[in-house]
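> My questions concern the predicted model and sequence given below.
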Amino acid sequence: MQMNLKPIINQWYRHLDKGQRFFVTAVDEDDATVEVQHFDGGESFSDNRRLLIPRGAMHSFEANRNKLRWLVKVKVEIKGWPDYEDEYVLKVLPELA
């Protein structure tokens with residue numbers, strides 16, 4: 001199951017592993033592109049986001065020959081720069097009765 005998160009215009013974001021921050025200036029859904037603005041060095045930024053896992057969805061699972069993983073995939077395309085892609089594994093716990 002793949003979930004797509006839409007960036008919000010005029011919001012700041014930060015790559016959690018690398019600390020790079022960027023500001024979303026435009027989203028073109030027809031071209032599936034996002035325009036971003038980066039910060040100058042030395043500035044700091046903090047932000048939190050939530051991801052809602054649908055009620056009743058299967059939790060993360062790993063066995064010898066099977067696994068179910070929840071991923072957040074990120075792809076950034078910047079004109080004149082190499083594309084950036086990364087993915088983050090989410091550990092979804094079983095729902096308590």
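Here it is on my side, so go on. On a predicted model such as this, the values are computed, not experimentally measured, just so you know.

> so where is this structure shaky, pLDDT-wise?
Residues of the chain meeting the criterion pLDDT under 70: 1-5, 16, 38-49, 78-79, 97.

> which residue ranges form the strands in it?
Secondary structure of the chain (DSSP state E): strands at 12-14, 21-28, 33-38, 61-62, 67-68, 70-76, 84-90.

> how about the third one: buried residues?
Taking 16 or more other C-beta atoms under 10 Å as the basis for neighbour counts, the residues of strand 33-38 that come out buried are 34-36. For glycine as for every other residue, the C-beta is placed from the backbone atoms N, C-alpha and C.

> and residue 6, which of the strands of the chain is closest to it?
strand 21-28 (7.1 Å; C-beta to C-beta).

> and the closest one, which residues are buried?
For strand 21-28, the neighbour count (16+ other C-beta under 10 Å) marks 21-22, 24 as buried.

> and if you look at stretch 74-87?
Quick answer for stretch 74-87 (16+ other C-beta under 10 Å): residue 76.

> Now render the buried residues of strand 21-28 as CSV, adding distance to residue 10.
Output for the buried residues of strand 21-28, formatted as CSV (distance: C-beta to C-beta, whole Å):
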residue, distance to residue 10
21, 14
22, 12
24, 7
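
> residues in contact with residue 53?
Residue 53 makes contact with 70, 92, according to C-beta atoms under 8 Å, 6 or more residues apart in numbering.
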